[in-house]
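> Give the three-dimensional model of this entry:
(chains A and B)
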There are 2 protein chains.
Amino acid sequence: MNATAQCLFAQRMEGVPRSFIREILKVAVSPEVISFAGGLPNKELFPLEELQECAEFLLSGSDRNVLQYANTEGYLPLREKIAERYAQKGLQVNPTNILITNGSQQGLDLLGKIFINEGDSVLIEEPGYLGAIQAFSIFKPRFTTVPLTPDGIDVDLMQQAMQMDKPKLAYLIPNFQNPSGISYTEETRKEVAILCEGKPIFLVEDDPYGDIRFKGQRKHSFYHYLPEQTILLGTFSKTVVPTFRLGWIVAPDDVMERLIIAKQAADLHTDNFTQRLIHQYLSDYDVDNHIARICQRYGSQAEAMINAIERYFPKEVQFTRPKGGMFLWLTLPEWQNAMTLFNKAIKENVAFVPGNPFYVNKTEVNTCRLNFSCSNEQKIEEGIRRLGKVMYSL
Amino acid sequence: MNATAQCLFAQRMEGVPRSFIREILKVAVSPEVISFAGGLPNKELFPLEELQECAEFLLSGSDRNVLQYANTEGYLPLREKIAERYAQKGLQVNPTNILITNGSQQGLDLLGKIFINEGDSVLIEEPGYLGAIQAFSIFKPRFTTVPLTPDGIDVDLMQQAMQMDKPKLAYLIPNFQNPSGISYTEETRKEVAILCEGKPIFLVEDDPYGDIRFKGQRKHSFYHYLPEQTILLGTFSKTVVPTFRLGWIVAPDDVMERLIIAKQAADLHTDNFTQRLIHQYLSDYDVDNHIARICQRYGSQAEAMINAIERYFPKEVQFTRPKGGMFLWLTLPEWQNAMTLFNKAIKENVAFVPGNPFYVNKTEVNTCRLNFSCSNEQKIEEGIRRLGKVMYSL
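Just a heads-up that it's a prediction; the model follows:
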């Protein structure tokens, strides 16, 4: 049957990248490895006791509907809470324009379904979030890549790319971008919004890390400048816990209508129990206080990583200095190769993600993503020391 | 922007049916309505206290990984439990050939993604499960429909359809089919397997209700006859609780490899906490005992419905006599219309699902789906009495 099965698979699966990270990390399983490779929040900060209280409250109640099938859009009081949190940031979002998804990753799948015909252009940052590249790839778009500068996307090149390729969607992470850690300046945000205004394009603003800011001032969302053309993706994975796979998507009415149809076809609805659990947590506890603790911890871990980089890495290695989020980005000298560094680093028991999967059509790259959210300062110091040693030996 | 958004949507969304049930049930919200329309398990039977114990155990432990990101395939001990349960039924399934999904609905979406090119044929029963019609429709197949007989799918017509249309997948629900309540005889199962053997087709056996048998003997799965060409879909929605959206898909290695890529692109993984919760429940409690209670209850509710139908409906109305599951199926006299009956029935405060959404290309139908799992015997008697009264007035 194997030969037969091969000829049955759909064409759309041919271009979809396998999980590069999954494959390369098979070699990084030893407990001696200090890993900057993952994209995990720090589990020490999970509100375990609080969620336990909430679960007990919900399951000891008499409302058995907490375990029943539920509506596709999501638990309304949770969507109202999300709208409230947007309002605190000055964004007016109607709860009926919020759809609860299985993490923001599902938002990407649903957007791919409702917008992308084969060959349609989707504009993304270079380097770009690999989860978005994977999700969109299923629908066979042409990717239009626009490089990041230290101030965010290169607006001149974005303008050229839009004229040339007419992308339907521009997928952007303006806050503490994954993988680069770069944040868009206010000026860049404004210019991007002006560039898109009135054109047949949606700005898809993915913002998993916006709340995890440990330095500097909050900037405006594209939604502030261009609400009718902005689709927002959000998640509780980084601010509460990842396992529940609770994310959401904010979209205008006609987009929402199709998203709901696509969501229903995809899995009927997202777990209503975990939606109510998160809602209970947001109602009973001060999540902003909790987020402040996360910011403090990640901030000092990021600082430890930057200090160690300055101490242990060759001066020609460039790196970003993120003001939030979970990642920083290295650029090795041009003649060096990230996979070569990775293979040698693994032998010294230190891991990271070579930049490769964050590019749509480059295979030889000299960039690397380092995660600082889930190692403590001592491990960071030691891991960076090991990595520096490998760099000097290249 | 509205005009512009319209021109941005992907072609694939054009053919996708809206939720017929969702739309028609907007008129059935009054508390006086006795509804046989939904497809809900009886919430009185949810193991609320047991799940509370399990949640407390998991969240009071020191393992914070219960709340962390997890692998795409699913929690291995849960997949092992599922394999054990198959083994009890005589089916040898390797846990590595099981992928945990968000309900079996997501299994349908993933199968659509990896198999269906636009215009490919997918064979389904007529009437067929509307969730499958919705999920596959996104990928623009041609549906090849084959009528059900009281013994299961019409094997002669299936053979003709296979010769003519060369379907890649045959999506079948051999046990207590939704919507008809019909079960395939052992003979039909064997004939279907023989028909497909060695041909380039996968049998997709969806089995949400197989355990909910209240009469007769368990029959063999297609997997028993044709393991290499059978893909199994399963779910805990009907045996434990629906809200967790915990289902699974069993597939051969090369299919599994692509399913995992598609699942990762779709939402990274299914909630690991609820996977562990169900695993804990299956470890600590006797789920077969629990399922026996469900069977007993649904069995007596089905009997009450059949008795009431015999008493209150015109003799020319035909109906199925399911030995399990949650639904039975009415066939009105040919000159009658299910939507007409529905509109009149609603005025008498009784609801059901007109057969329409279970057909791919019929709009005028004389069939109706009635759910018996979530009303008690008194409500069933009264609802059927009301419906019979309306039938006599047609």
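> Could you list the buried residues of the one helix or strand A:Leu387 maps to?
Assigned by DSSP states H and E, A:Leu387 belongs to helix A:377-393. Using 16 or more other Cβ atoms under 10 Å in any protein chain shown as the test for burial, helix A:377-393 gives A:377, A:379-388, A:390-391. Where C-beta positions appear, they are placed from N, C-alpha and C, glycine not excepted.
> so for that helix, what's the average pLDDT?
Mean pLDDT, computed over helix A:377-393, is 97.
> where does A:Ile231 land in three-state SS?
What DSSP: H, G, I helix; E, B strand; the rest coil gives for A:Ile231 is strand.
> Next one: it, what pLDDT does it get?
In this model, A:Ile231 carries a pLDDT of 98.
> cool, A:Cys7 as well?
For A:Cys7, the predicted pLDDT is 79.
> Now do the contacts for it.
B:Pro200 (Cβ atoms under 8 Å, 6 or more residues apart in numbering or on different chains).
> Also the one 3 residues further on?
Under the criterion of Cβ under 8 Å, 6+ apart, the contact partners of A:Ala10 comprise B:113-117, B:120, B:139.
> Can you pull out the low-pLDDT segments for the stretch 51-200 of chain A?
Residues of the stretch 51-200 of chain A meeting the criterion pLDDT under 70: none.
> still on that earlier bit, just the buried residues of the contacts of A:Ala10.
Applying a neighbour-count criterion of 16+ other Cβ under 10 Å, the buried members of these are B:113-116, B:120, B:139.
> residues making contact with the helix holding A:Leu387?
Residues outside helix A:377-393 that contact it (Cβ under 8 Å, 6+ apart) are A:34-36, A:300-301, A:304-305, A:308-309, A:311-314, A:317, A:332, A:341, A:344-345, A:348-350, A:352, A:372, A:375.
> of the buried ones among the contacts of A:Ala10, closest to B:Ile98?
Using Cβ to Cβ, B:Ile114 is the member of these that lies nearest B:Ile98, at 16.2 Å.
> Would you map the helices across the stretch 51-200 of chain A?
With helices called from DSSP state H, counting those that start in this stretch, the stretch 51-200 of chain A shows them at A:76-88, A:103-115, A:130-137, A:155-165, A:186-196.
> could I get those helices as JSON lines with distance to chain B?
Below are the helices of the stretch 51-200 of chain A laid out as JSON lines (distance: least, Cβ to the nearest Cβ, whole Å):
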{"stretch": "helix A:76-88", "distance to chain B": "14"}
{"stretch": "helix A:103-115", "distance to chain B": "4"}
{"stretch": "helix A:130-137", "distance to chain B": "4"}
{"stretch": "helix A:155-165", "distance to chain B": "14"}
{"stretch": "helix A:186-196", "distance to chain B": "11"}
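> what's the most buried one of those?
Using mean count of other Cβ atoms under 10 Å in any protein chain shown, the stretch among those with the largest mean neighbour count is helix A:103-115, at a mean of 27.
> Could I get the contacting residues of A:Lys362?
Taking Cβ under 8 Å, 6+ apart as the definition, contacts of A:Lys362 comprise A:Asn356.
> Okay, and it sits in which element?
A:Lys362 belongs to no helix or strand, assigned by DSSP H and E.
> Quick check: it vs B:Thr230, distance?
Here A:Lys362 is placed at a distance of 41 Å from B:Thr230 (Cβ to Cβ, to the nearest Å).
> do A:Val250 as well
Distance from A:Val250 to B:Thr230, by Cβ to Cβ: 41 Å.
> Which of those two has more residues huddled nearby?
In terms of neighbours (other Cβ atoms under 10 Å in any protein chain shown), A:Val250 is the more surrounded of A:Val250 and B:Thr230; the figures are 27 against 23.
> Which pLDDT value does the model give the more buried one?
The model's pLDDT for A:Val250 equals 98.
> buried residues in the lengthiest helix in chain A?
Criterion DSSP state H: the longest helix present in chain A is helix A:287-312. By 16+ other Cβ under 10 Å, the buried positions in helix A:287-312 come out as A:287, A:290-291, A:294-295, A:297-299, A:301-306, A:308-309, A:312.
> Also stretch A:21-41?
Within stretch A:21-41, the residues that qualify as buried by neighbour count (16+ other Cβ under 10 Å) are A:21, A:24-25, A:28, A:33-41.
> what about the strands in the stretch 1-150 of chain A?
Applying DSSP state E, counting those that start in this stretch to the stretch 1-150 of chain A gives strands spanning A:34-35, A:98-102, A:121-126, A:142-149.
> Including distance to chain B, could these go into JSON lines?
Converted to JSON lines, the strands of the stretch 1-150 of chain A look like this (distance: least, Cβ to the nearest Cβ, whole Å):
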{"stretch": "strand A:34-35", "distance to chain B": "13"}
{"stretch": "strand A:98-102", "distance to chain B": "4"}
{"stretch": "strand A:121-126", "distance to chain B": "11"}
{"stretch": "strand A:142-149", "distance to chain B": "14"}
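> Of those strands, which stretch is the most buried?
It is strand A:98-102: most buried of those by mean count of other Cβ under 10 Å, with a mean of 27.
> quick revisit: quick one: which of the helices of the stretch 51-200 of chain A is nearest B:Phe202?
Nearest of these (Cβ to Cβ): helix A:103-115, 22.6 Å.
> Report all helices and strands that the closest one contacts.
Packing partners of helix A:103-115 (3 or more Cβ pairs under 8 Å, 6 or more residues apart in numbering or on different chains; DSSP states H and E): strand A:98-102, helix A:130-137, strand A:169-172, strand A:202-206, strand A:230-235, strand A:246-250, helix A:253-267, helix B:253-267.
> who wins for proximity to B:Leu91 among the ones you listed?
helix B:253-267 (16.2 Å).
> Going by contacts, tell me the helices and strands next to the closest one.
Taking 3+ Cβ pairs under 8 Å, 6+ apart as the contact cut, helix B:253-267 packs with helix A:2-8, strand A:98-102, helix A:103-115, helix A:130-137, strand B:98-102, helix B:103-115.
> neighbouring contacts of it?
Counting by Cβ under 8 Å, 6+ apart, A:2, A:5-6, A:9, A:13, A:16, A:18-19, A:22, A:101-103, A:105-106, A:109, A:131, A:134-135, A:137-138, A:245, A:266, B:72-73, B:96-97, B:99, B:101-102, B:106, B:109-111, B:113-114, B:202, B:231, B:249, B:251, B:269 sit against helix B:253-267.
> tilt between that helix and strand A:98-102?
150 degrees (axes from the mean of the first three to the mean of the last three Cα atoms, to 10 degrees).
> in helix B:253-267, what counts as buried?
B:255-256, B:258-267.
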